[in-house]
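Asks: Let me see the structure of the following:
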Amino acid sequence: MNVSHRFVIIVAIFVTCFLTANIVGVKVVSLGPFILPAAVVLFPLSYIIGDILTEVYGYRQARRVIWLGFACNLIFVIIVWVGQVLPPAPNWEWQEAYQSILGYTPRLLAASFCGYLAGEFANSFVLAKMKVLTRGRWLWSRTIGSTIVGQGLDTLIFITGAYFGAPFFVPIMILHHWLAKVLFEAVATPFTYAVVNFLKRKEAIDTYDYKTNFNPFRVSD
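Replies: Residues are numbered from 1 along each chain as shown. From the prediction side, this is the model:
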């Protein structure tokens with residue numbers, strides 16, 4: 001498949017969302033009765049982009065993009081760690097602030113990596129399978145259905161790994177985060193429809209994964 005500029009833009013947005021979420025996810029916010037990481041608005045967007053990738057370009061391309069996001073995040077955490085261990089200048093007063101926010105990144109990233117891989121691959125797999133089963137009908141059912149599964153795994157793994165043992169960690173936080181993500185996906189359904197229809201028309205492509213190897217570690221085909 002020839003790579004179009006539209007595909008490159010989508011991939012760039014996907015990776016940007018994931019990188020940004022690893023930074024702002026350190027902060028925990030209270031929205032009424034809901035206790036959520038600040039990154040709650042970014043992870044659902046990455047899942048919407050993941051839905052679009054799988055729906056239009058197929059599981060094979062989505063799998064490559066998922067691993068690309070993983071590699072970019074690995075580069076990010078290594079650079080953050082190097083910046084932390086380098087000795088600060090004598091008149092630079094923000095070393096503790098740097099460590100307080102970005103110093104937490106390795107644990108946050110580890111949790112994010114595990115949740116991300118499990119959630120993204122589950123999301124893409126469910127959507128691709130549902131597309132074949134529904135013969136391409138009812139896009140809303142597979143975007144929301146795949147999000148329920150993918151975000152469920154992602155949220156459980158991420159929240160537990162990132163915040164377990166913290167004074168503000170409570171199991172209800174997992175439920176709040178998951179519900180917020182699924183609600184975001186449902187509300188954004190018209191946007192997803194618009195982007196999917198636009199891309200299918202412009203790219204002249206609508207991929208069905210009839211004979212796809214769904215092994216997440218196979219990236220060569």
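Asks: Quick check: closest non-adjacent residue to Ile174.
Replies: Closest residue in space to Ile174, ignoring its immediate chain neighbours: Ile159 at 4.8 Å, by CB to CB, 6 or more residues apart in numbering. Where C-beta positions appear, they are placed from N, C-alpha and C, glycine not excepted.
Asks: Surely the one you found and His176 touch.
Replies: No: using CB atoms under 8 Å, Ile159 makes no contact with His176, being 9.3 Å away.
Asks: still on that earlier bit, contacting residues for the residue nearest to Ile174?
Replies: Shown in contact with Ile159 (CB atoms under 8 Å, 6 or more residues apart in numbering): Pro37, Ala111, Phe169, Met173, Ile174, His177.
Asks: Show me which of these are buried.
Replies: Pro37, Ala111, Met173, Ile174, His177 (16 or more other CB atoms under 10 Å).
Asks: can you tell me the helix or strand for Thr143?
Replies: Element membership for Thr143, per DSSP states H and E: helix 139-163.
Asks: Please disregard the earlier target; I meant Ser30.
Replies: Per DSSP H and E: Ser30 is located in strand 28-31.
Asks: Identify each buried residue in whatever helix or strand comes next after that strand, please.
Replies: The helix or strand immediately downstream of strand 28-31 is strand 34-37, counting by DSSP H and E. Buried residues in strand 34-37, counting neighbours by 16+ other CB under 10 Å, are found at Ile35, Leu36, Pro37.
Asks: what's the answer for stretch 190-207, then?
Replies: Applying 16+ other CB under 10 Å to stretch 190-207 flags Thr192, Val195, Val196, Leu199, Glu203, Thr207 as buried.
Asks: What lies in contact with that stretch?
Replies: The set of residues external to stretch 190-207 that reach it, using CB under 8 Å, 6+ apart, is 1, 4, 6-7, 48, 51-52, 55-58, 61, 136, 139-140, 143.
Asks: gap between it and the chain center?
Replies: The chain centre lies 20 Å from the centre of stretch 190-207; the measure is CA atoms, centre = their mean, to the nearest Å.
Asks: ok, now stretch 46-66?
Replies: 11 Å.
Asks: Just the CA coordinates for that stretch, please, in CSV.
Replies: Included here for stretch 46-66 are C-alpha records, laid out as CSV according to Å, rounded to 0.1, in the frame of the first residue of the first chain:
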residue,chain,number,x,y,z
SER,A,46,-5.8,7.7,20.6
TYR,A,47,-8.4,4.9,20.6
ILE,A,48,-10.6,6.8,18.1
ILE,A,49,-7.5,7.2,15.8
GLY,A,50,-6.8,3.5,16.3
ASP,A,51,-10.4,2.7,15.3
ILE,A,52,-10.0,4.8,12.2
LEU,A,53,-6.7,3.1,11.3
THR,A,54,-8.1,-0.4,11.6
GLU,A,55,-11.4,0.5,9.9
VAL,A,56,-9.9,2.1,6.9
TYR,A,57,-6.4,0.6,6.5
GLY,A,58,-6.8,-2.7,8.3
TYR,A,59,-5.3,-4.5,11.2
ARG,A,60,-1.9,-4.9,9.5
GLN,A,61,-1.3,-1.2,9.2
ALA,A,62,-2.7,-0.6,12.7
ARG,A,63,-0.3,-3.1,14.1
ARG,A,64,2.6,-1.3,12.6
VAL,A,65,1.4,2.0,14.0
ILE,A,66,0.9,0.5,17.5
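Asks: now that stretch: mean pLDDT?
Replies: Mean pLDDT, computed over stretch 46-66, is 92.
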